[in-house]
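[1] using only what follows, build the 3D model:
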Amino acid sequence: MKAVGANRSETLGKLPIGKLLVQQAVPASIGILVMSLNILIDTLLVGNWIGDIAIAAINVVLPVSFFIAALGMAIGIGGASIISRALGAEQKEKAKATFGNMLTLTLLISTVMVVLGLVYINDLVPMFGGKGDIFEPAKIYYKIVLYGVPLLALSMMGNNVIRAEGAPTHAMIAMLIPSVGNLIADYVLIYELDMGMEGAAWATTSSYLVCLIYIAWFFLSGRSELLCGWRHFILKWVIVAEIAGLGFVTLARQANSSLLYLIMNNVLYDLGGETSVAVFGIVGRMMMFALFPVLGITQGFLPIAGFNYGAQKWQRVWEVIVISIIVACVLGVFIFAGLFFFTEEIADAFTDSPDLIEQTSFALKLVFLAVPVIAIQLIGAAYYQAIGKATPALLLTLLRMGFILIPLIYILPEFYGELGVWISFPIADISSTIITAWFLWRAMQKLNSREHLIHK
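    Below is the predicted model of the structure:
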């Protein structure tokens, strides 16, 4: 009997690109949106049912969880690029070996981090801000969540592999499970059983476990093409090096985001005090929520581009680049319009302060000014990651935030004050988009040349 998921990935090379992009991008967008909402709602529940100290304690531990999640995601995206291209080239054995190596790497790295995290718990918690009254609840939360770190890393890694196989709905469900499961567990363990911080921590860890069970079911139930044998788990330097090279792009992106928040908070505090920092707090949350459709298109683009590049279907690769950019840019126009005309209403949902509402409204308009074209930069960087070109993928990923935005945030306020911070965003967006567009256009010309050679 043929397995349920046998050769599902072949649809990535056969179905119309527009239909494929919808199938891949819509579930990815929903998953990103729900995960973002989960962070907000979880914080509200914990604050109301345990107290303000609990929110502070969880915020202390969040960087650790995000870092581990980023490691799992880095291995997942790096390996998924290899798997997509291998499946496209009908190299099933290479795809299986890559997946096996990803599992081994994720388990090894996450287990080592758990051990180190437990050994140095009394040093790490204060280092991340768990001092004074925050220390004990943060330590309780940290210790229990740390037990679930391998589960989280494996879940993030497995989710990207599922998407690479052409099963976006299952990937979406895998993203929804921990979000919904965490909220249900919060209610039972914190509200009904009154377990306090322990309840909040076990709710998070148990949601990771349920997510991993679902992912394991996908791979073991015949829905996957990547059922591994023991030989596939043996690390191979060539595969590990390629996973690391491509995965580092994702890690660099996460590190850049963390650095941006750190710099913005310090620069804005010096310029305008707590109010300016609060403005970026609202702007930052909107950056997380508002761009979910564009980020969904980018995630949906990756497996389609990777598979067809591996299959040497150059015209389809060219087509997915063009269609993805057009759709994402149109979505960007709607996002900008919604934010531009309703900035005061958005700010009002976060605060009652007239001064904060006015400043936030002004900042939102400037920060999101270039959103209609930012998709070109995101998809351009994603293209090189999809086809396995780690160096240009890394450079284009760092271009906007690391090479342009962060330096501008230091330079422009010297001349324009706080205005200089906010105008740094559209300047960085537009300039990085122009540079990326040039590289992407050259890559598309190469695709056209290869297509013409095939037809000669």
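
[2] in what helix or strand does residue 158 lie?
    helix 149-164 (DSSP states H and E).

[3] let's see that helix as PDB, backbone CA atoms only.
    Extracted C-alpha coordinates of helix 149-164, given in PDB (Å, rounded to 0.1, in the frame of the first residue of the first chain):
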ATOM      1  CA  VAL A 149      13.900  22.900  25.600                       C
ATOM      2  CA  PRO A 150      14.800  19.800  23.600                       C
ATOM      3  CA  LEU A 151      11.100  19.400  22.800                       C
ATOM      4  CA  LEU A 152      10.900  23.000  21.600                       C
ATOM      5  CA  ALA A 153      14.000  22.700  19.500                       C
ATOM      6  CA  LEU A 154      12.800  19.500  17.900                       C
ATOM      7  CA  SER A 155       9.400  21.000  17.200                       C
ATOM      8  CA  MET A 156      10.800  24.100  15.500                       C
ATOM      9  CA  MET A 157      13.200  21.900  13.400                       C
ATOM     10  CA  GLY A 158      10.500  19.400  12.500                       C
ATOM     11  CA  ASN A 159       8.000  22.100  11.500                       C
ATOM     12  CA  ASN A 160      10.400  23.400   8.800                       C
ATOM     13  CA  VAL A 161      11.000  19.900   7.400                       C
ATOM     14  CA  ILE A 162       7.200  19.300   7.200                       C
ATOM     15  CA  ARG A 163       6.900  22.500   5.100                       C
ATOM     16  CA  ALA A 164       9.800  21.400   2.900                       C
END
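
[4] what is it packed up against?
    Other elements packing on helix 149-164 under the criterion 3 or more Cβ pairs under 8 Å, 6 or more residues apart in numbering; DSSP states H and E are helix 52-88, helix 92-119, helix 168-186, helix 196-220, helix 292-310. From N, CA and C alone the C-beta is placed, and that goes for glycine too.

[5] quick check: angle from the longest one to helix 292-310?
    Comparing the axes of helix 52-88 and helix 292-310 via axes from the mean of the first three to the mean of the last three Cα atoms, to 10 degrees yields an angle of 30 degrees.

[6] buried stuff in helix 52-88?
    53-58, 60-61, 64-65, 68-88 (16 or more other Cβ atoms under 10 Å).

[7] for the fourth one, same thing?
    Neighbour counts using 16+ other Cβ under 10 Å place 196-212, 214-215, 218-219 of helix 196-220 among the buried residues.

[8] what's it packed up against?
    Packed against helix 196-220 by the contact rule (3+ Cβ pairs under 8 Å, 6+ apart) you find helix 52-88, helix 135-147, helix 149-164, helix 168-186.

[9] recalculate using a threshold of 10 Å.
    Counting contacts by 3 or more Cβ pairs under 10 Å, 6 or more residues apart in numbering; DSSP states H and E, helix 196-220 is packed against helix 17-49, helix 52-88, helix 135-147, helix 149-164, helix 168-186.

[10] the second one too?
    Contacts of helix 92-119 with other secondary structure elements, assessed using 3+ Cβ pairs under 10 Å, 6+ apart, are made with helix 52-88, helix 121-127, helix 135-147, helix 149-164, helix 237-290.

[11] deepest of those helices, which one?
    Most buried of the helices and strands packed on helix 92-119, by mean neighbour count (mean count of other Cβ atoms under 10 Å): helix 149-164, with a mean of 26.

[12] and for residue 193, the neighbour number?
    By other Cβ atoms under 10 Å, 12 other residues sit near residue 193.

[13] nearest spatial neighbour of it, chain-adjacent residues omitted?
    residue 199 (6.3 Å; Cβ to Cβ, 6 or more residues apart in numbering).

[14] that neighbour and residue 185, how far apart?
    8 Å (Cβ to Cβ, to the nearest Å).

[15] same check on residue 287?
    For residue 287 relative to residue 185 (Cβ to Cβ), the value is 28 Å.

[16] before we move on, what about residue 248?
    For residue 248 relative to residue 185 (Cβ to Cβ), the value is 34 Å.

[17] please apply the same query to residue 172.
    Taking Cβ to Cβ, one finds residue 172 at 20 Å from residue 185.

[18] just put the helices and strands packed on helix 92-119 in JSON lines and tack on mean pLDDT and distance to residue 107.
    As requested, those are arranged in JSON lines below (pLDDT from 0 to 100; distance: least, Cβ to Cβ, whole Å):
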{"stretch": "helix 52-88", "mean pLDDT": "81", "distance to residue 107": "10"}
{"stretch": "helix 121-127", "mean pLDDT": "86", "distance to residue 107": "21"}
{"stretch": "helix 135-147", "mean pLDDT": "90", "distance to residue 107": "14"}
{"stretch": "helix 149-164", "mean pLDDT": "90", "distance to residue 107": "6"}
{"stretch": "helix 237-290", "mean pLDDT": "83", "distance to residue 107": "14"}
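
[19] now those helices as JSON lines including distance to residue 399?
    Shown next, in JSON lines, are these (distance: least, Cβ to Cβ, whole Å):
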{"stretch": "helix 52-88", "distance to residue 399": "18"}
{"stretch": "helix 121-127", "distance to residue 399": "31"}
{"stretch": "helix 135-147", "distance to residue 399": "34"}
{"stretch": "helix 149-164", "distance to residue 399": "23"}
{"stretch": "helix 237-290", "distance to residue 399": "10"}
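
[20] out of the ones you listed, flag the one nearest residue 447.
    helix 52-88 (14.4 Å; Cβ to Cβ).

[21] and the closest one, how far from the chain's centre?
    7 Å (Cα atoms, centre = their mean, to the nearest Å).

[22] and the angle from that helix to helix 149-164?
    Using the same axes, to 10 degrees, the inter-axis angle of helix 52-88 relative to helix 149-164 is 40 degrees.

[23] what sits against the nearest residue to residue 68 once chain neighbours are set aside?
    The shortest distance from residue 68 to any non-neighbouring residue, by Cβ to Cβ, 6+ apart, is to residue 149 (4.8 Å). Contacts for residue 149 (Cβ atoms under 10 Å, 6 or more residues apart in numbering) come out as 64-65, 67-69, 71-72, 109-111, 113-114, 117, 205, 208.

[24] if we go to 8 Å?
    Contact analysis of residue 149 by Cβ atoms under 8 Å, 6 or more residues apart in numbering lists 64-65, 68, 110, 113-114, 117.

[25] related to what we said a few turns ago, can you redo the helices and strands packed on helix 196-220 as JSON lines with distance to residue 281?
    Shown next, in JSON lines, are these (distance: least, Cβ to Cβ, whole Å):
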{"stretch": "helix 17-49", "distance to residue 281": "12"}
{"stretch": "helix 52-88", "distance to residue 281": "12"}
{"stretch": "helix 135-147", "distance to residue 281": "21"}
{"stretch": "helix 149-164", "distance to residue 281": "25"}
{"stretch": "helix 168-186", "distance to residue 281": "22"}
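
[26] between these, which one is nearest to residue 372?
    Among the helices and strands packed on helix 196-220, helix 17-49 comes nearest to residue 372, with 17.4 Å by Cβ to Cβ.

[27] between helix 135-147 and that closest one, find me the angle.
    Interaxial angle, helix 17-49 versus helix 135-147 (the same axes, to 10 degrees): 150 degrees.

[28] packing partners for helix 17-49?
    Checked by 3+ Cβ pairs under 8 Å, 6+ apart, helix 17-49 has helix 52-88, helix 168-186, helix 237-290, helix 292-310, helix 314-341 packed alongside it.
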